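>>> Pasting a predicted model and its sequence here:
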Amino acid sequence: MSSQASYTIPSGWLHRSIRSMCVATSSSDPTRHPDRTFKYVDVSAVSGDRLAIESSTQHTGRTAPSRARKHIRAGDVLFATIRPALKRVALVPMDLDGEIASTAFCVLRPNRLEVDPLFLYFAVSSDPFVRSVSSLQRGASYPAITDSNVLDQEVLLPLLPEQSAIASLLSEIQRAIALEEQQIKTIDELRAATMERVFREGVRGERLKRSENGGIPSSWTLRQLHELAAIERGKFAHRPRNDPRFYGGATPFIQTGDVVRARGRVRTHTQTLSELGLSVSRVFPKGTIVLTIAANIADTGILDFASAFPDSLVGITPREGVDTEFLEFFLRTQKSEMDRLASKGTQKNINIQFLRPWPVMLPTFGEQREIARVLLSLDARLAAAEERQKSLRELFETARSKLMTGELRITSVASSKLAHA
């Protein structure tokens, strides 16, 4: 792994091959001991996002997978040689010390007199390292590299005390990222439970009455979606759809993916229509609820801007007395049931006739707004936690890049890290 540095590499830092800083590992066939139990780490058990082993399976030698061969110890670094660009890299934790991993991993066992295990882990999971080794992969349908491809790569190695300091700082940022991840999970679970409760019980403590959809608060009514909103299909009449003459103008043109990623509010778009494109489409106003009806079923989002969209989406415009945010939240709760009932041909789909009679539990307008405010506050908390995690991830990548190349030394970045975490 090499790059042109625009700064001077610190004194004492050397380019070293991974092979030169690791010791030999071993393999064996567990089927030779059919009654011996062991934990097995497969490639699928390693998260390329979290860079960690997320699970293991227990086997005896009798049930051992054919790839279960490589012995691992705590502090080893696993680097998946199958589809290396997926960055399935992990540090072996203490509870997997002495267990067995797949032959689809290159097992790196650091010589601890020369390299800190955490430093090695951060070095080989960096984007430049992964890109460099991935460029050596062979095979189209099953791209892979060899252990030697990994072992022959070079990294810049500082002296051991600085390695440990760098690894410690990066680990601290990683822990902060993990804490935000847990916070996101907690808020997401709270939001799901709150949505289920408020659409079952309301927020005013009313007694429940019977309805076709089970118990609902006594002041609520059960209505059909077409009674509460106009439901109109998107439009893009020209075929083929990929004709470049129809794109690149000033009119936003959202797609299914934009709605799937929206998390309730469509704030961005990736494509625009030209005047010619606009002539075969139509624009829906800001505030329209957009719902996906093909492949991805019943993902929703409220338009933050006027936009055109194709017929794989429908626009839902609430009538007077129906709060837009309330209705969008309610439709979110219906996604799994709509998906279950969708037609299953070449791809799943629903249509306006499917949506028109869809039952909606409707409280008074005042309670609609109360429910929307409760759920919007949870959405805001979730968005804030996700933004904090995003910032920490960016900090981590910047710190790793600059610290592990010597562009920044550990003392000059520590205070900055603490200020931004």
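In hand now; what should we look at? Being a predicted model, the structure only gives us computed values, none of them experimental. Numbers count the residues shown, from 1 in each chain.

>>> where along the stretch 51-200 of the chain do the helices fall?
Secondary structure of the stretch 51-200 of the chain, counting by DSSP state H, counting those that start in this stretch: helices at 117-124, 127-134, 147-151, 160-201.

>>> just those: most buried one?
helix 117-124 (a mean of 24; mean count of other C-beta atoms under 10 Å). Where C-beta positions appear, they are placed from N, C-alpha and C, glycine not excepted.

>>> Counting by contacts, list what that helix packs against.
Helix 117-124 is packed against strand 77-80, strand 89-91, strand 105-110, helix 160-201, with contacts defined by 3 or more C-beta pairs under 8 Å, 6 or more residues apart in numbering; DSSP states H and E.

>>> Mind exporting the C-alpha coordinates of that helix to PDB?
Below are the C-alpha coordinates for helix 117-124, written out as PDB (Å, rounded to 0.1, in the frame of the first residue of the first chain):
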ATOM      1  CA  PRO A 117      -2.800  -5.900  17.600                       C
ATOM      2  CA  LEU A 118      -5.200  -3.000  17.600                       C
ATOM      3  CA  PHE A 119      -2.900  -0.900  15.500                       C
ATOM      4  CA  LEU A 120      -2.700  -3.800  13.000                       C
ATOM      5  CA  TYR A 121      -6.500  -4.200  13.000                       C
ATOM      6  CA  PHE A 122      -7.000  -0.500  12.300                       C
ATOM      7  CA  ALA A 123      -4.300  -0.500   9.600                       C
ATOM      8  CA  VAL A 124      -5.700  -3.400   7.600                       C
END
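
>>> average pLDDT for that helix?
Across helix 117-124, pLDDT averages out at 97.

>>> which element is the residue most central in space within the chain on?
Nearest to the mean C-alpha position of the chain, by C-alpha atoms, centre = their mean, lies Asp49 at 7.6 Å. Using DSSP states H and E, Asp49 is not contained in any helix or strand.

>>> Isn't Ala64 up against Tyr40?
Yes - between Ala64 and Tyr40 there is a contact under C-beta atoms under 8 Å: 7.4 Å.

>>> what do the two both touch?
Ile100 (C-beta atoms under 8 Å, 6 or more residues apart in numbering).

>>> Roughly how far does Arg223 sit from Thr25?
Arg223 sits 66 Å away from Thr25, going by C-beta to C-beta, to the nearest Å.

>>> got it, and Thr405?
Separation of Thr405 from Thr25 (C-beta to C-beta): 28 Å.

>>> Checking Ile293 next. Helix, strand or coil?
Look at Ile293: counting by DSSP: H, G, I helix; E, B strand; the rest coil, its state is strand.

>>> excluding its backbone neighbours, what's nearest it?
Leaving aside its chain neighbours, Ile293 sits nearest to Ile350 (4.8 Å; criterion: C-beta to C-beta, 6 or more residues apart in numbering).

>>> For that neighbour, the count of nearby residues, please.
20 (other C-beta atoms under 10 Å).

>>> which residues touch it?
Contacts of Ile350 (C-beta under 8 Å, 6+ apart): Ile293, Ile297, Ala298, Met338, Leu341, Ala342, Ser343.

>>> Top of the residues you listed by number of neighbours, please.
Within those, most neighbours by other C-beta under 10 Å means Ile293, with 24 neighbours.

>>> any idea which element the nearest residue to Phe284 once chain neighbours are set aside lies in?
Spatial nearest neighbour of Phe284, excluding adjacent residues (C-beta to C-beta, 6+ apart): Gly315 at 4.4 Å. In the assignment (DSSP H and E), Gly315 maps to strand 313-318.

>>> just checking, what packs against that strand?
Looks like strand 313-318 contacts strand 229-233, strand 289-294, helix 324-333, helix 352-355 (3+ C-beta pairs under 8 Å, 6+ apart).

>>> which outside residues touch that strand?
Residues outside strand 313-318 that contact it (C-beta under 8 Å, 6+ apart) are 225, 228-234, 254-256, 259, 284-285, 287-293, 309, 324, 327, 331, 352, 355.

>>> can you pull out the strands in the stretch 201-350 of the chain?
Secondary structure of the stretch 201-350 of the chain by DSSP state E, counting those that start in this stretch: the strands cover 208-211, 214-217, 221-224, 229-233, 247-252, 264-266, 272-273, 283-284, 289-294, 296-303, 307-308, 313-318, 343-344, 348-349.

>>> quick one, which of these is packed in tightest?
Taking mean count of other C-beta under 10 Å, strand 307-308 is the most buried of those, at a mean of 24.

>>> So for it, mean pLDDT?
If you average the pLDDT over strand 307-308, you get 97.

>>> Tell me the helices and strands packed up against that strand.
Judged by 3+ C-beta pairs under 8 Å, 6+ apart, the packing partners of strand 307-308 are strand 247-252, strand 283-284.

>>> could the ones you listed be laid out in TSV, adding mean pLDDT?
Compiled in TSV, the helices and strands packed on strand 307-308 are given as follows (pLDDT from 0 to 100):
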stretch	mean pLDDT
strand 247-252	95
strand 283-284	98
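
>>> I'd like these as a markdown table, with distance to Ala192 appended.
Shown next, in a markdown table, are these (distance: least, C-beta to C-beta, whole Å):
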| stretch | distance to Ala192 |
| --- | --- |
| strand 247-252 | 30 |
| strand 283-284 | 28 |
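
>>> And those strands: which comes nearest Ala384?
When these are compared by C-beta to C-beta, strand 247-252 sits nearest Ala384, at 26.0 Å.
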